[in-house]
Each structure stands twice: as structure tokens, then as C-alpha cells.
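Chemist: sequence isn't available, so here's the structure alone:
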């Protein structure tokens, strides 16, 4: 696979925090969409299944959804696009969700978290995935509202990241068809965490490739590249850290919507996110080592040059002095008048130069 | 928005600790105002509300306040200015507050904390906000005394930072009008934490902007700027750390004045202050990376100059030596007397110079 | 206030550990005085009070003390000077203290600690205070033995550090006169912690003042000063750390000698010692930043000098070469014989020099 | 023993993470073998024993295994090679293992973990061992399924690492023959941890040997070696960390398959893995110190050279100047015409040179 | 006291880990002596006492020991030398010790630990002590087996480190004669920890003495010394860390062999080992600061030299150029023919040189 030059993180995405003045003091249940409108039309997609039956549909109105919600089946409603507040309110109404919950869903810049409400549990997490076309990494906020027989997922844009889960449902995989909304939650979070691992893996490959260039050709480019990777890794770590906290809370949580048998899967999520976290720590250390190697290589190269040049100059200094001596215009410089003194001077010069070369080499300065 | 050159933190504000000798050994319940008198006249402002009624008033004497306190409504008394000890004592008397509590309120240099007393809970936190006119960041100590139906807030100066909450009360927002003093406490602390996020966001914007200048034009200014941002970040972190501890205690606290349903909001506060704390950690790391990049860029630039100059000198050294040789006054220097020997000398000089240039370039020293 | 050049820590005081060979294997209840004899005569001072009565006296024999101990009042016995073992043993006997307790009191080099014995609680802490005359910071070990109605405090030397507490007792401050030995313990520890804050504050002022000198006049002195402050801060941190552990244990302790209502004060102690600890951490970081700034400033200054000098030499190198060429004694050097060639040489020299100056300036090397 | 130049870690092995795109969204119970096929044929080896009887056999079909499983003896089934999914499924069927368990066994790139299932406990750990022939260190994933009377171990390749345990079983060592599957689990994990200690010990020996070379002959090689060791240590630490977490969980675990008396052994495992972890931390620090020593030595050597050369040049500079003065062609230079002025010039040159040498030596610059 | 040049740690002792290949897979209860045989003959020394009686004896066979063990007194059996496996087995048999326990005692390279067995508690710790003759620091593994009325201690070599305890027993010190085996255990561990403190104190004295040399005479020796101290401190820290863990476990342990009243002493041990640990941390930091000071001093000294030399050269460069100009052989150089032009040249040279000196001094470059 052809790797993109870097992960092409949006400048905006890498902003660590972006609090706006007019957001201060807003009520926690005020439904304001703080994100960018990333797609044109809100998409509502429903999958309703139990072990034996399966209904899959795109719906256009929230009313159509309502007929699924009371049935004795697992209902998964996926919403792509959050900017239409009217639809959001209808959903809140249809599923009897507190405005607090909806306000959280709309607050796409918040920290990943898990909150247990009376009639549902809200999970938010940042999703990172590589755009299949451009190779760019895209981030979006994913919210999951987990209730008894209903799971509502909110994505900021249309995507097929959950397609493998849908495929497993369609193929009548026993575990997912028999599981409840909690197992479905696990399956979706598992994809999110797997994508973290995949993105780290992509970045890691480039970091490890860099190592060879580092020794062969330590140019300024390399250091820019290292700094880029550092920034990207920072960005990943910043998203993984609260996700890890969230998943560890989830695995310890005592929620009525989670059956005992699902905890073993949440423990697996824990292990995976820990692996992501450990790996990003390791790469961080590797980058820091690489920076050191770069500086050492550069400075040892410069030292060699300076040493060479200095030794070179030093050899000529006494030679030039000798020549200078015999360029003086004293009336009485006896050496000037011997027939071979010019040649003797050359001999002395050669002897001095060779002697110094020999001395410097013995001292290992050359 | 035009950003100020820096956050204009008062020199005094950035003092990490300022313990005065005469404060040692003072009784913990001695009511001494340790801060600066920041406004002229103490302002008492009362908002008394329940789901249906609302009274809002500026009062001048503490007696006027008393009539509100026993009613079955939420009473929010906000006091701007702490320097009038007589008023403070009246308040203590009117609301039956221990002198310990009042002494804490007056100790504006203390660490943010939460203390559970018999008949009230005291919360203190540092408030940071940007002055709308000057763009300066101002810090003041905020104290909240949370009792059953009364919330008393103490600010060091007059300000409209809580205006959005008053607005929500006036607009009959259901949640705040139905909530008790605990929900009101949350709403106020939420504003404080949002202001932290906002201030970090302002600082972050400047730090991230700096990055470009860093590579294009690495001057001494940049390093001063980095050091300024570091100091400002230190200042923020120093205030956020104990505030975070305080809020985490609050969310775990078992207080009679806090209803079950408010804990979900305190958990939200936790998430927000964690985000502030994480972001300040991230910016700290970024600043430290920027310092490294600066030094690397500077030193690589200097290295280039020194390398160039050294190579330049080294090329002339043998040339000057050659000229020196033929400036000697020996009687018998055969080369001096050939017709073209001067030109041959030039040829040799050119050959040596070009040869060295070629050699240095092949060695990548130029 | 005129600040002393540095905190004048005794060389001995800054020794982190000083275990002597002959102390190895000594029984834990052996009463050996390990410290220096810091005053001539042991001073016994007694204050006996309840809400209504107050007796204050200097006594000379331990027997005189005994009459106070069984009364229904709070008895505070303060002992200045530990070197008289006979008195120590009498005290142990009078108050029925285990020899273990007394051995701990005498071991003035031990780590601050809190130990709960059967009939008393022992608290030891290092006290730091500024001598009012010399401005020097002095350290001594303070031990408190807290029992039901008796508090015995041991100081290594005579001092008036606890005078504010005595004053509060004399002035019939309600809280302290109604409180028990536990409240008195708090009041004394509060003074100790306040003194920590004050000493850090003194050091902090000097550290923050240093910052300006740092940029204006970065001399070797500055670095010695930074290293001094670092050492002093290390010394403070080393004493604050175990004191913090001790105070946190105290606040969590389940002791029969501590009444419920005193815990709120111990929590305040916690906050204060945390502030001391946080501030010392902050100053540590500031010192480390200052060291970096110093090095950066120094090296950037040196770089400027070296760059200037190198450029200066480089300009003369080709000029000297040109002069060298026309100092050769070849028979046939046509340029030598033109009438204006000497002036042309000067012109060439000026052109080359100016050209190089221009080139270096455009390259921003000058 | 002849130590290999380095531990010869496979490049692939040192990859910290290697998530493939097509693995995202795979069901947790999907049996996919993600590793490399490391041996040709799957080997099934059975040891069935109690205190008195012992059966040891290589079997070719899973059916043959089944006859052992219900007996009242400890049955240890070891499987070398995971690539044959048919066999894996038969094993799952024979021992009534959930497909989740088998999927974990096949996922050889996962993080070491311990999971408690209904009818078994799964333990996975990375095994590091030195190939006896090549001296190379090889890593493989080891999975243990611990049930009441059955222990199934899965290795990626054929190996004799567990031979000492088999030997102890054969020699009728009382403890292992009387112990259950839990003691057998301990015995196997003990070998894994001992191998960690051994590998660290090998690496440690080389690191400590390096120290001498470091001071005698600080060449660029040394730094490459240090960087290699750092990378290898990173690799070890990355495997030891999760193994330590796993073993600490195991020692605290409340599993029906572990008898009380085995916990003392698990505690021993804890101590051993802690020793491995501590040692790797220590070596890490040593390597970092070595890097510093290297840089200090190199730079102090370079400084000596540069100082020598600079002093050398500086001595000649005034001498050359003197000679230059008397090379001028002024009509009236009185010194030129004295009989001994040439010799006086030499005398002056010698005096100046010796004087400077003397001065530099007194200043300790030479 | 004359301090040895360094602590003379055996090269072997400083090896952080030394796992041998043939130790892998050995049964945990296999009695193998892994250490060096440090003395010729195993010494068995018995002290049997209660409040009133005392028997002290060297015995040669384990049978002689047995007669003491059932009596109602405290029996302390000390064994110097572990290499005689026959004796070890007899002891195991006589005191009914599991082979596991004995195997641990013999494993002298293991990590300090505490294990609670059915009929005894095993404590192992590294003992560091200064040989009174050579001043060398020696390390040995100490094991204590604590049972109801018997304490068995195992030392690798003959030593009198526990003599102070024996002396206290002989002198009928009440506490030790009335205490049980648990108090005796405390008394012995106290000596071990005191020796840690003493060794750190010795090292600390040398580190603090170094500081003065550092500024006066920063030679390469100093850095070697710092690195030596660092290595020695590393070695101490490596032994103190697990000892601290062990002692903290001991103080929290719920063992039938430890009476309530002994816990206060274990808490004292905690404080002492914490002091050792804190001090070693402090010295580590001091060493790291010293390294920095060394580098700063060295580099600032070098900078001064280079600056001086460069300025010196720079002053001569234009002077040499001037002389070069008048060494040219042009036919028409008017200045050559004025009578005083040679002296004018000298005047110009002096003016230029003085001007440059003045300029450089004003710029503070000299």
C-alpha cells in the first residue's frame, strides 16, 4: 500500500481545544450544534433484528422509526449528520430522551465520556479512520445511546465504518443476533478501537521506516518529519487517553443495560485500548530517541568537518610563517645567500608538514 | 478577534505564593481580609426564585436579605467586594455561619477547596476571565456557600460573569428554575470551568500560531515569547490543578445539600476540568517541543554559517602560503626567473582552489 | 524588608542524612539525645486553661507540672531543650509515657511521623523559621505528645514561634479556650505550616526577582545563585514531603484524642501543606526554566560574538592573499609595473571587502 | 559462552503494533489465524498423570485426546502450531470451549491477558527464548487454557522449553505430581518468566561490558550499539509490562480452578516478574547514563583538540605579523640595516613564542 | 574517619541480574545453593531466652538445636553459611519447614520478599554493611524464618552485625527479653535498615564533599567520580526499593506470629526505610545537578578561552594585512618613499590594535 506522506491531519483537527466565548454559560441541556455541518442531509438508517428476523431500512422521518422501538427486538438506529436540530428533537421525543442527553450528543468537541442516565447510557468517543480514497485520517465524534432494546448511534458524516457489523448481522452470526444492544455497543466500539490500532500501525510503520534514513542521510527534512510525527502522535494520544478512561469505566460500570456476559467483551476492549495506549507511548519514546540520534549524527558529522579543517589550517600556519621570515628585507640574512637555501627551506617545510600530519594522525585527530 | 500580545497577567497574579509574616499564627476563624480592595462599595444582589416566581433585587443592607432566606424558594445572594468586614459579619449572623466559614471566604489567597460544615458546604475556586475591554485576563477568588435553600457567592470585584445564569433564570429555563441551590452551584462552577477552557483556548491559539514563525524566522523574540507562554501556562496549571481536585471531591461528596440528580452535572464538570487539565498538559509539551525546534533551527543555521566560513578560509590558506613562498628573498629561487612563472603560479592557485572547492563539495561540506 | 543574600542554611542542616555508626543497633526505647545541645538550660513552661480559667507559669521541676495534669483542664507543657536526660525521664514518669515515645522525641534526626500509642499520640515535624535578628532560616525538630487533657511539646531551642497561640489563649479566644488538646495541636501545627509557606514565599520572591537579572546580565553569578536556590528548595522539599504525609495521616487518623469537630481544621492543614508542596514544585520548575533561559542567552551571545569575529576574519583573508600575490619576487609580473596598479589593487581590495560585507549582510550573518 | 553480537531480534518482531485493515470489525469469536505458519505439522502431545500413574504420548487426532479428559487425573495437552483450523475446532468441540476462547488463542498478536470464562481460564503470554543453535532470541505467543483437570497449552512452534517440567513430572517430583492443573500452570509460567530473566541477563551482560569500551574508545560504533541495546530493551519492556499486569491479576484472581495452596507460588511469580521489570528499568537508566558519558567523553576530547589547535595558531599569529613588518618595502626602515637585526628578530620571535606558551600554560589552556 | 576512595562495590555485586540458563525450570522446592561459598564451615549459634533465663551457645549439629525448640522460650538460631545442604535439610526436618521455604533461603539472588507459609513467615532482605577492616561495603542475603517461639536467621558469611542485639539480650533489656520472636525480628531488621542509612550517609558525605571540588577544579576526574557515585547509588536504590516494599507489606501483614504491640515498631521501620529511600532519591537529584554544574562550568571555561583566542587573532588579522600591503613590489607605491612612512605604519597599527581592543572591551568580549 502506498502510504500518504503524512496522516494529513486537518489543521483544525489538531487544535487541542477550541472553546468559544459565546459557549460560556450555556445551559447543559441547551441543544446547540457546535460542530461543522459535514454532510448535506441527515440520514436515518435502521436495523431491527433478533435471532430470527431482520429488517434493514433507510427512513426519512423519525415517526417511521417509532414503530420499531417497542418491539421485542434489538433496534439499531444510526444517524449520520447532527446539524438538523428539528430531527434531533423529534428523536429525543420519540425515545423519551432528556434534553441533557441530546445536548451532549450535539456537543461534538467534548471529551469522550460515559454517562449513566435514568433511561439510557450515553457513550461518546472520537472515531479516527482513514478515508479509503484520499488516505487522509478523519476524525469525528461518535455518540451511542444505549437503552434496553434500542441503540442509537450518531455520526457526524456518512460513513461505512460500521459496515462489517452490519454484515455480521446480515450473515446471521449467532453471537450478534442473539446479543442485545450491549453486545452491539461492544461490536461498534471494537471497530473504533481497532481503527485506533490501525492508525497507530500506519504511523508506526512510517516512524520505523524513518530510522534507516536517519543514519544514512540526516538532513533537516528528517527533523521536520520527526516533528510532524510527534505532533500526529500527540494528537492520537490526546484522543486515546480519554477513550481509555471511558472504556475502563464502561468495563467497571454497573448498568442495567449491560448483561453479565458482555463484560468479557468489554475486558477485551480494555486490552485493545491498552495496547493502543502502550504502543503510542512506545512510539513516542522511539521518536524521542530518533531525535537524539539525529542530533548526535549531525553534531558528530560537523565535528569531523571542523576538526579536519582546523587541522588543515594549523598545518599551513607554521609553513606560512617560515616563508614570511625569508620575505623580510633585512640587509643581513645569511641564509638568503646560500645557493641551496631555497631548496632547504622547501625541505624544512615538507618535513614540518609531514611531521605535523604524522603527529596529528598518531593523536587520532585526523 | 484581535488577540492581545500576551495574556497580560499581572505580575502580582503570577506570584505563586505570598505568605506574609504577620499572617502566621492567626486563628482560623479570625475574619481578616487578606486581599486587595478591588472595588469601592460592596454590592449585594439577590435573586430569589422557584419554578413560578422570581424576585431580583439589589439590596443595601443585610437585613433586607433576611426576609428571603426562610422562604421555600432558592435564594441566591451574590456579594461583590469582600473588604467590608461589618457586612461580612452581618451576613455570618444572618445566615448563622460559623466564623471559620467567613474567615475562609476572606482568605482570598488560599488554595481552592471544598469543606463540608454542619449547616453549609463551602466551595472556593479561582476564577479567570478575560476583561471584555482590555483583553486582559483577570483572576479573582470565588467562594460559594451552599446551604439548603440559600446559595451565597462572594466575588472580589463587580462582574457580569454570571450574567448568562441570571439570564437563564429570568427566561424561566425549566431545569434551573426547578433545580435547587446545588444545581445553581453547578451552573456557576460550569461558567468558571468554561472560562478556564476559554483562556486555555486563547493561549493555545497563540501557541499554535507561533509554530509557523518558529521555522521561518527563529529570532530571540520567539524564545522570549515561548518563555512567556510557558510562564502563563504554569500560572493556569497552578490554578487548574487544585480546582480539579476540588471538583473531583465535589462529585464524590456525600452532602445533604446535593440531590442525587445533580451528580450527573458534577460529572460533566469533572470531564470539562479534565479537558482543561489535559489541554494544558498538551500545550506544555508543545511549548517544550517548540523550544527544542527553536534550538535545533538556530544551531543548524549557525553550523551552516560556521561551516561556510571555515571552508572559505581553508581555501585561501594554501594560496596565501604559495604567494608567501615566492615573496622570499633567497638569492637563488629558480622559479622566479622564468618568464611565465608568475602566470604559472596563478594557474596553480586556481587549480588548487578549484580542486579544494570540488573536494569540499563532493564531501558535502558546502 | 531587606532580604538576606540567601536563606543561610547551615551546611549541617542541608545534610540530607547523617547516620552514625554507633547508632546502629540501638534499642528503639533507649533514650539517647542525638542532636546538638542548642540552649543551656531546659525550660519548662506550662499553660493550663479551660474556657474560664487560665494559669501560665514557668516551672523548674517536673513535680510542679504533675499537679496540673489530672485537672479537668487543658494542660500544655512546652519544653525547650532536650539534652537533659534526667528531666526527660521524669517527664516520662510523670505522664506515664513509654520509653519508646521519649526515645522518639530525643531522636531529632528522624523523619516527621505520627504514631498512635496506647495512651498518647506522638507527632514529630521539622519546624523552619526565620530568625528575626539575623534573617537566617533555622530548622529544629518539634515533637508533640497529644493525650486526653495534656499536650506536651518539645522544642530544641528556646523560641517564641508559638507566641501567637499563647496570645490567643490569653485573649480568651473562644475556639481555642473551648477546644481540647487536639485543637491546640492544630493551632501549633498550623503555625509550623504557615512558616513553611512563609519561607517558600521568601525564597520565591528571590527566585522571581532573579528572572529580570537573568535576561539583562547573564553572568556566572546567576548560575551560582540558581544552583543555590535549587539546593535550598531541595532542602525545603525534603522537609515538606514527609510533613505532608504526616498531616494527611493525621487527617485520616482514628484517634481517641481527636474530636470530630477538629477534623475540619486538619483538612485546612492539608490544604495549606498542599499549597506549600505545590508551590515548591512550581518554583522547582521555574528554576529549571531559568537555567535553560540562562544557557540559551549565554550561548546565543557567544554565538553572536563568534559569528562576528569569524565574518571579520573571513573578510581579511582574501585581501591578505591579494597583497601576498604582489609581494612575490617573480621577474615578470606585468601588473607591478603599471603606474596605477597599486591603486587598482586598493580598489580591488575595497570592492572585495564591500562585496563580502554586502553578501554577509544579505545572508543575515552580520 | 560466546555471546551473539546482538540479540538478533527479527525486524518483524520488533514492530510494536501491526494492525491490518481487514482485521477491523472481525467478530470476536471468529477463528482466524493471524500469525505466521511457523511449523509444518501441528503436534499434539499429551501427558496424563496423578501421584501414581503417568501416561505420555504424541497423538495425531483430537479424538485420541478425549479419552484422557474425563479421567480423574491431570491431563496436559500441548499443541505446537496453530495454523490448522480444523484441529482447533475439534479441540474446541472436544473440550467444550467457546469459540471466543479459541479466537483469542489464534490471535497471536494480542496483548498478554488473563480472562476467566465459565468453564475455563485463558492465560496468554509472550514467550522469549534463546534458540540453542543460533543464539537468536525468538518470541512466540503462548496460550494456556486452565480447566478443572485439563490444561491445554498452545505454542506457535515446536520447542523443548517445557522439557524441564516434563522431566520433573517423569521423575515423580512429589509437588508437581500431587498438584493440579493450577500448579502445572505455575510451573510453565515460571519457565516463561525465568526466560525473561535470562534474556535480560544476557542483554545486561553486554550492556555492562560496553561500559569499559565507552571510556577507552568512544567511537561512533559505541553509540550505535547503545541505540541497539535501547531498542532491544524497549522490546523486552514492552512484553514484560503486560505480562506483569497479567501475573499480578492472576495472583489476585478468585478462580475456581486455582487452589489456595498455589497462590504462594503465584506470589513467587510476581516477585520474579517484578525483578525482571526492575532490572529492565535499571538497564534502561544505565544505557541513558552511558549515552551521556559517551557524549561527554566525545565532546571533552573534541574540546581538547580544538583548544590545542587554537592555541597553536594563536602563537604563530604575532610571529607572522613580525615577519610581515620586516617584509615591507619602505625606503626608510632603520632596523633593516643593522647587522644583527635579523637575529634580533629571531630572538624577539622566540621570546614572544615562549612567553605565550608560558602564559597559556599558566592559564591551564595547554 | 578516613573514607575509602569509593565504596568498593564488587563488580559482581553491581550486576543487576544474573540468571543462569540451567536455573530455568528448576522446581521451586528444589534445594540448590545458588550463591558463592563465602565461608568455610557452617556456624550454628543459638540464643535461647525469656525474661529471666538466657542460654547462648555455638552448636555443631542440628540435633543439639532441637532441644531448645519446644521450650517456652524465644529461640534464635543463627546460621552463618548456606553451602552445606545436609545441614540445611536437617534444619528443615528439625523445624518442620517445607522444602519451598528452604529453597527460598538458598536462593540468595532472589528479590527481597516476605511470604506467609502455614507454620512460619519467611522474610528475605539484602544486608549492606561496611567491613570494619577494609572499609569495603559488602552485600549479603539475609533470610529470617519467623515461627511461634523460634526465629531462624541465615547469613551468607560470618559476621557480627547482630552483635548489638545479642548485647541487648545479654544486658537483660526488658523490651527484648519480654518480646517474642516478632520483636526480635524487628530488632534485626532495624539493624539492616540502619545499615542502609549508614551506607547512604557515607556515600552522601562524599557526594556533598565533591561539590566544592566541582567549582574549583572541574576536571575529567570529577565526572568519573560522579558517574561512580551514580552507579553506587543505583546499586543502593535497587536494593532499597524491594526492601521498602517488603517492609511495607510486613507492617500491613496479618500474621499469627506477630503480636499487636510489635506493629508500632514495624511502622518505625517503615519510616526509616522511607528516609533511606527519600535520601537516595535526593542524592540522585544532587548528582544530576552536579553533572549539570560540571558541564556548565567546563563549557563556560572553554567559551572564555575560545573567545579570548579568537579576539586575539582577530586583532592581528588587519595588522598583518597592513604589513602585507607594504610588502608588495609595485613600482609605484608612493607611501614607500616618504621618510617616516614606516613609522606612520607602526602608528596606524597601534591605533588599529588599540581601537579594536577598546571596541571589544566595550562590547564586553574581553
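Modeler: Yep, it's here. Every value quoted in this text rests on a predicted model; they were computed, and no experiment measured them. Numbers count the residues shown, from 1 in each chain, chains lettered A, B, ... in the order given.

Chemist: residue nearest the middle of chain A, spatially speaking?
Modeler: residue A:236 (3.1 Å; C-alpha atoms, centre = their mean).

Chemist: how about that one: what's its closest non-neighbour residue?
Modeler: residue A:280 (5.7 Å; C-beta to C-beta, 6 or more residues apart in numbering or on different chains). No exception for glycine: its C-beta is placed from N, CA and C like everyone else's.

Chemist: and the pLDDT for that neighbour?
Modeler: Predicted confidence (pLDDT) for residue A:280: 91.

Chemist: surely it and residue A:234 touch.
Modeler: No - between residue A:280 and residue A:234 there is no contact under C-beta atoms under 8 Å: 9.3 Å.

Chemist: compare the two (neighbour count), which wins?
Modeler: A direct count of neighbours by other C-beta atoms under 10 Å in any protein chain shown for residue A:280 and residue A:234 places residue A:280 higher, at 25 against 18.

Chemist: that one: which element?
Modeler: Per DSSP states H and E, residue A:280 falls inside helix A:263-325.

Chemist: can you list the residues that contact the host helix or strand of residue A:152?
Modeler: Element membership for residue A:152 (DSSP H and E) is strand A:150-155. Contacts with strand A:150-155, where a contact means C-beta atoms under 8 Å, 6 or more residues apart in numbering or on different chains, come from A:69, A:74-82, A:91, A:95, A:105, A:127, A:140, A:142-145, A:162, A:181, A:184-185, A:188.

Chemist: list the buried residues for that strand?
Modeler: Judged by neighbour count (16 or more other C-beta atoms under 10 Å in any protein chain shown), strand A:150-155 contains these buried residues: A:150, A:151, A:152, A:153, A:154, A:155.

Chemist: among those, which two are most distant?
Modeler: Greatest spatial distance in the buried residues of strand A:150-155: A:150 and A:155, 16.7 Å, computed using C-beta to C-beta.

Chemist: could I get the buried residues of strand A:150-155 as a markdown table with pLDDT and distance to residue D:227?
Modeler: Below are the buried residues of strand A:150-155 laid out as a markdown table (pLDDT from 0 to 100; distance: C-beta to C-beta, whole Å):
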| residue | pLDDT | distance to residue D:227 |
| --- | --- | --- |
| A:150 | 92 | 55 |
| A:151 | 94 | 49 |
| A:152 | 94 | 51 |
| A:153 | 95 | 46 |
| A:154 | 94 | 47 |
| A:155 | 91 | 44 |
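
Chemist: would you mind listing what in chain A touches chain C?
Modeler: residue A:327 (C-beta under 8 Å from any C-beta of the partner chain).

Chemist: and chain A, which residues reach chain E?
Modeler: So chain A meets chain E at residue A:327 (C-beta under 8 Å from any C-beta).

Chemist: what comes up buried for the helix or strand hosting residue A:176?
Modeler: Secondary structure from DSSP H and E places residue A:176 in helix A:174-178. In terms of neighbour count (16+ other C-beta under 10 Å), helix A:174-178 has its buried residues at A:175, A:176, A:177.

Chemist: please enumerate the helices of chain A.
Modeler: For chain A, the helices defined by DSSP state H occupy A:11-14, A:62-69, A:85-94, A:99-106, A:163-170, A:174-178, A:181-216, A:220-252, A:263-325, A:341-362.

Chemist: does chain D sit close to the fifth one?
Modeler: By that I understand helix A:163-170. Yes - Helix A:163-170 is in contact with chain D by C-beta under 8 Å from any C-beta, via A:163, A:164, A:165, A:167, A:168.

Chemist: as CSV, the residues you listed with distance to residue E:315 would be great.
Modeler: Listed next are the residues of helix A:163-170 next to chain D as CSV, based on distance: C-beta to C-beta, whole Å:
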residue, distance to residue E:315
A:163, 78
A:164, 78
A:165, 80
A:167, 82
A:168, 83
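
Chemist: looking at chain A, which residue is nearest chain C?
Modeler: residue A:327 (6.6 Å; C-beta to the nearest C-beta).

Chemist: okay, that residue: pLDDT?
Modeler: 90.

Chemist: any idea which helix or strand in chain A has the lowest mean pLDDT?
Modeler: helix A:11-14 (a mean of 50; mean pLDDT, DSSP states H and E).

Chemist: measure the residue of the stretch 251-366 of chain A found nearest chain E to residue A:342 for me?
Modeler: Scanning the stretch 251-366 of chain A for the residue nearest chain E gives residue A:327, at 6.6 Å (criterion: C-beta to the nearest C-beta). Separation of residue A:327 from residue A:342 (C-beta to C-beta, to the nearest Å): 12 Å.

Chemist: who touches both of those two?
Modeler: Jointly contacting residue A:327 and residue A:342 under the rule C-beta under 8 Å, 6+ apart are residue B:328.

Chemist: who's more crowded, those two?
Modeler: Higher neighbour count among residue A:327 and residue A:342: residue A:327, with 26 against 22, using other C-beta under 10 Å.

Chemist: what residues are up against the more buried one?
Modeler: B:324, B:327, B:328, B:329, C:327, D:323, D:324, D:327, E:327.

Chemist: biggest separation within these, which pair?
Modeler: Distance extremes for the contacts of residue A:327: the farthest pair is B:329 and D:324 at 13.7 Å, using C-beta to C-beta.

Chemist: between these two, which one's more packed in?
Modeler: residue D:324 (29 against 17).

Chemist: what about the nearest residue to that one once chain neighbours are set aside, how many residues nearby?
Modeler: In space, residue D:324 comes closest to residue E:323 once its chain neighbours are excluded; the distance is 3.5 Å by C-beta to C-beta, 6+ apart. The local packing of residue E:323 (other C-beta under 10 Å) involves 24 other residues.

Chemist: could you check the pLDDT of the residue of the stretch 51-200 of chain A found nearest chain B?
Modeler: Residue nearest to chain B within the stretch 51-200 of chain A: residue A:111 (4.5 Å; C-beta to the nearest C-beta). Residue A:111 is assigned a pLDDT of 87 by the prediction.

Chemist: what sits against it?
Modeler: Applying C-beta under 8 Å, 6+ apart, one finds that residue A:111 lies in contact with A:242, B:271, B:272, B:274, B:275, B:278.

Chemist: hmm, 7 Å instead?
Modeler: A:242, B:271, B:274, B:275 (C-beta atoms under 7 Å, 6 or more residues apart in numbering or on different chains).

Chemist: burial count for the second one?
Modeler: The number of residues packed near residue B:271 is 22, by other C-beta under 10 Å.

Chemist: how near is it to residue A:109?
Modeler: Distance from residue B:271 to residue A:109, by C-beta to C-beta: 12 Å.

Chemist: now for residue A:158: which residues touch it?
Modeler: Listed by C-beta under 7 Å, 6+ apart, the contact set of residue A:158 reads A:39, A:43, A:80.

Chemist: where neighbours are concerned, which of these has the most?
Modeler: Top of the contacts of residue A:158 by neighbour count (other C-beta under 10 Å): residue A:80, with 19 neighbours.

Chemist: thought it was touching residue A:37?
Modeler: No - if you go by C-beta atoms under 7 Å, residue A:80 and residue A:37 don't touch, sitting 11.9 Å apart.
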